[in-house]
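Student: Next comes the sequence, and after it the predicted model I'd like to discuss.
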Amino acid sequence: MNLISASNLTVGYGAAPVLTHVNFIISKGEIVTLIGPNGSGKSTLIRTLLGVIRPTSGRVVRADNLSIGYVPQKLSIDGSLPMTVSRFLSLPQRRAPADVAEITARVGAAGLSDRQMVSLSGGQFQRVLLARALLMRPDILVLDEPTQGLDQPGVASFYRLIEDIRGELGCAILLVSHDLHVVMSTSDRVICLNGHVCCEGSPQVVSEAPEYRALFGVGTGGALALYRHEHDHDHEGHEHGGHHHG
Amino acid sequence: MDDFLIRAALAGIGLSIATGPLGAFVVWRRMAYFGDAVAHAAILGVAVALAFSMSVLIGTLVVALGVGLAASTLTARGRSMDTTLGVLAHSALALGLVAISFVRGVRVDLNGFLFGDILTVNAGNLVMIWGGALVVAALLIWRWSALLTATLNEDLAASAGIDPRRERLVLTLAMALVVALSLKIVGALLIGAMLIVPAAAARGFARTPETMALLAVGFGMLAAVGGVWASALADTPAGPSIVVAAALIYLVSLVAGHSGD
């Protein structure tokens, strides 16, 4: 069963649209990771799938009554808007206190409910965003570079948490990330984007695809090694995939 | 106390029911200039109403709604809004003043439209102001959760099935209604102040969006009563006195409020 599908998407006008002829499908329970360099249209694709951006051509179909748990890349709360954690968790719908207590405990955000959102640390903020998304009882969890601003141990524990939660809830996950080494191993499918879909497939297929190597270089050797335990393809410099943002 | 003073105070109190929650959104979404543009358009609305012998309320409502929709469309396209809205706000005001000068045969109390004429509010006006304010408040309460989510983050709203464009329209409609209602009370030039100042004062004491909106209602009422009372006592113009009272409440909030945690 397809949760979200997009066919022949083009977004943006003129000679250089942000996305051209992109096809995308995510099915129930699937983990799909979207990777691509800076400005490759990852966030644009996500926003088009969510319905924020209308595509110039092509169409997006979401399953009926699809519940999306969305963790945005950045959420800046204006200083003029007072917002406690517990109020935020009940947006847009009120949640039962028991559910809130259970989910916040699960993601390690218990005891924060009376705090103002703006007073949270980066890691706490991410966990609260995740808790809110989980309270949507999502069919699909959409995570747009969810670990920006977290330190290395923070990133690792965040992904461990995501994996555990997926095991428990069985929801599909659409992940945008540049933390290739951490995410690729857990993905069912990886889509490499650069204005169009460069290559797509299992993590192994994508990491060996010439299009992928042309984009990221094989200098991600150190990173890929974690996934594939290989160190012998290190001949094109050391630009690390982790420097790509956005 | 004289009847006209009681009616004036009641008018201000009624209006605050609408300006409190709407003002909170104006502050959260940084729509102050947008509010001014719509409010100033009311003067153009007055000119249109006089020229076509319509009721001033309908004229201002229609023109304010038109300018609001225009401004909202421009915002959605992501232009540099500060300048565009500034141009729109001031041109609407100037155009309105010029247009009124062309309407012949009608003696126009321009001062009343610019700064309000709350002391001449009659029973009919009161019914209209309270009715209109309750409609605006009901509209905002009905859309509250969607409006708040869209204000926080449009992508987050869209992911939950909320259309941010529709919520912008709701606010534009509420704004046009409030402008049409407030014209008689504080006048086109000070409507923006009635929206922003009580909400800004409420920020210092609020920990959730809901308490901020409710406090803004309370502060607006307090300012209305205080302003009318002071104007009776010191023989000052009532509309500006209400705004001065609101500004004093804001000053107190800076000292007494906590702002944040």
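Tutor: Ah, there it is.

Student: Which pLDDT value belongs to the closest residue to chain B within chain A?
Tutor: Nearest residue of chain A to chain B: residue A:70, at 3.5 Å (Cβ to the nearest Cβ). Glycine gets a C-beta too; all of them are placed from N, C-alpha and C. If you check residue A:70, the pLDDT there is 94.

Student: Excluding residues flanking it in the chain, which one is nearest it?
Tutor: residue B:159 (3.5 Å; Cβ to Cβ, 6 or more residues apart in numbering or on different chains).

Student: Please look at residue B:95 and residue B:46 and confirm they touch.
Tutor: No - applying Cβ atoms under 8 Å, one finds residue B:95 not in contact with residue B:46, separated by 11.5 Å.

Student: Could you check which of these two is surrounded by more residues?
Tutor: residue B:46 (26 against 15; other Cβ atoms under 10 Å in any protein chain shown).

Student: residue contacts, that one?
Tutor: By Cβ atoms under 8 Å, 6 or more residues apart in numbering or on different chains, residue B:46 lies in contact with B:56, B:59-60, B:96, B:100, B:108, B:113, B:183.

Student: The one helix or strand residue A:7 maps to near chain B at all?
Tutor: For residue A:7, the element it lies in under DSSP states H and E is strand A:2-11. No - applying Cβ under 8 Å from any Cβ of the partner chain, one finds strand A:2-11 separated from chain B by no less than 11.1 Å.

Student: got the angle between the helix or strand following that strand and strand A:2-11?
Tutor: Following strand A:2-11 in sequence order, the next helix or strand is strand A:19-27 (DSSP H and E). Counting by axes from the mean of the first three to the mean of the last three Cα atoms, to 10 degrees, strand A:19-27 lies at 180 degrees to strand A:2-11.

Student: Strand A:19-27 pairs with which strands?
Tutor: strand A:2-11 (antiparallel) (DSSP bridges).

Student: which parts of the partner strand are buried?
Tutor: Buried positions in strand A:2-11, judged by neighbour count with 16 or more other Cβ atoms under 10 Å in any protein chain shown: A:3-6, A:9-11.

Student: Now the strand holding residue A:7: average pLDDT?
Tutor: Throughout strand A:2-11, pLDDT has a mean value of 91.

Student: what does it rub up against?
Tutor: A:17-28, A:41, A:44-45, A:48-49, A:53, A:55-63, A:66, A:139-140, A:172, A:174.

Student: Tell me how many other residues crowd the residue in chain B that chain A sits nearest to.
Tutor: Here chain B gets closest to chain A at one residue, residue B:159, 3.5 Å apart by Cβ to the nearest Cβ. The tally of other residues near residue B:159 (other Cβ under 10 Å) stands at 29.

Student: which residues touch it?
Tutor: So residue B:159 contacts A:50, A:68-70, A:142 (Cβ under 8 Å, 6+ apart).

Student: what about the closest residue in space to residue A:23 that isn't next to it in sequence, distance to residue A:95?
Tutor: Closest residue to residue A:23 apart from its sequence neighbours, by Cβ to Cβ, 6+ apart: residue A:7 at 5.6 Å. Residue A:7 sits 35 Å away from residue A:95, going by Cβ to Cβ, to the nearest Å.

Student: Near chain B, which residues of chain A are found?
Tutor: A:47, A:50-52, A:68-70, A:72, A:75, A:77-84, A:87-88, A:91-93, A:115-116, A:118-119, A:136, A:142.

Student: where in chain A is pLDDT low?
Tutor: Within chain A, the segments meeting pLDDT under 70 span A:179-185, A:217-246.

Student: Strands along that one, start to end?
Tutor: Secondary structure of chain A by DSSP state E: the strands cover A:2-11, A:19-27, A:31-35, A:57-62, A:68-71, A:140-144, A:172-176, A:189-193, A:197-201.

Student: Distance from the chain centre to the helix or strand where residue B:157 lies, please.
Tutor: For residue B:157, the host element (DSSP H and E) is helix B:154-159. Put simply, helix B:154-159 sits 27 Å off its chain's centre (Cα atoms, centre = their mean, to the nearest Å).

Student: Break chain A down into its structural domains.
Tutor: As given by automatic domain parsing, the domain ranges for chain A are A:2-67+A:138-240, A:77-137.

Student: Any chance of CSV for the ones you listed, columns distance to residue B:37?
Tutor: Shown next, in CSV, are the domains of chain A (distance: least, Cβ to Cβ, whole Å):
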stretch, distance to residue B:37
domain A:2-67+A:138-240, 25
domain A:77-137, 20
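
Student: So for residue B:29, which of those domains sits nearest?
Tutor: Nearest to residue B:29, of all those, is domain A:77-137, at 8.0 Å by Cβ to Cβ.

Student: Flag every residue of the stretch 151-261 of chain B that's near chain A.
Tutor: B:151-160, B:162-164, B:200, B:203, B:206-212, B:260-261.

Student: Buried ones in the longest helix along chain A, by neighbour count?
Tutor: When chain A is parsed with DSSP state H, its longest helix is helix A:152-169. Residues of helix A:152-169 classed as buried by neighbour count (16+ other Cβ under 10 Å): A:154-155, A:158-159, A:161-162, A:165-166, A:169.

Student: ok so, going back, of the contacts of strand A:2-11, grab the buried ones for ChimeraX.
Tutor: This is how ChimeraX selects the buried members of these, with burial counted by 16+ other Cβ under 10 Å:
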select /A:17,18,19,20,22,24,26,27,41,44,45,48,49,53,55,56,58,60,62,139,140,172,174
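
Student: quick one: residue B:107 is in a strand?
Tutor: No - if the criterion is DSSP: H, G, I helix; E, B strand; the rest coil, then residue B:107 is coil and not within a strand.

Student: Near the residue of chain A closest to chain B, how many other residues are there?
Tutor: Residue A:70: 24 neighbours (other Cβ under 10 Å).

Student: I figured it hits residue B:154, correct?
Tutor: No - counting by Cβ under 8 Å, residue B:154 is not a contact partner of residue A:70; they are 11.3 Å apart.

Student: Make TSV out of the buried residues of strand A:2-11 and add distance to residue B:5.
Tutor: Converted to TSV, these look like this (distance: Cβ to Cβ, whole Å):
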residue	distance to residue B:5
A:3	63
A:4	61
A:5	66
A:6	63
A:9	63
A:10	64
A:11	60
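
Student: how close does the residue of chain B most remote from its centre get to residue B:195?
Tutor: Going by Cα atoms, centre = their mean, the residue of chain B most distant from its centre is residue B:159, 30.8 Å out. From residue B:159 across to residue B:195, the span is 30 Å (Cβ to Cβ).

Student: Likewise for residue A:210?
Tutor: Look at residue A:210 and residue B:195: by Cβ to Cβ, they are 59 Å apart.
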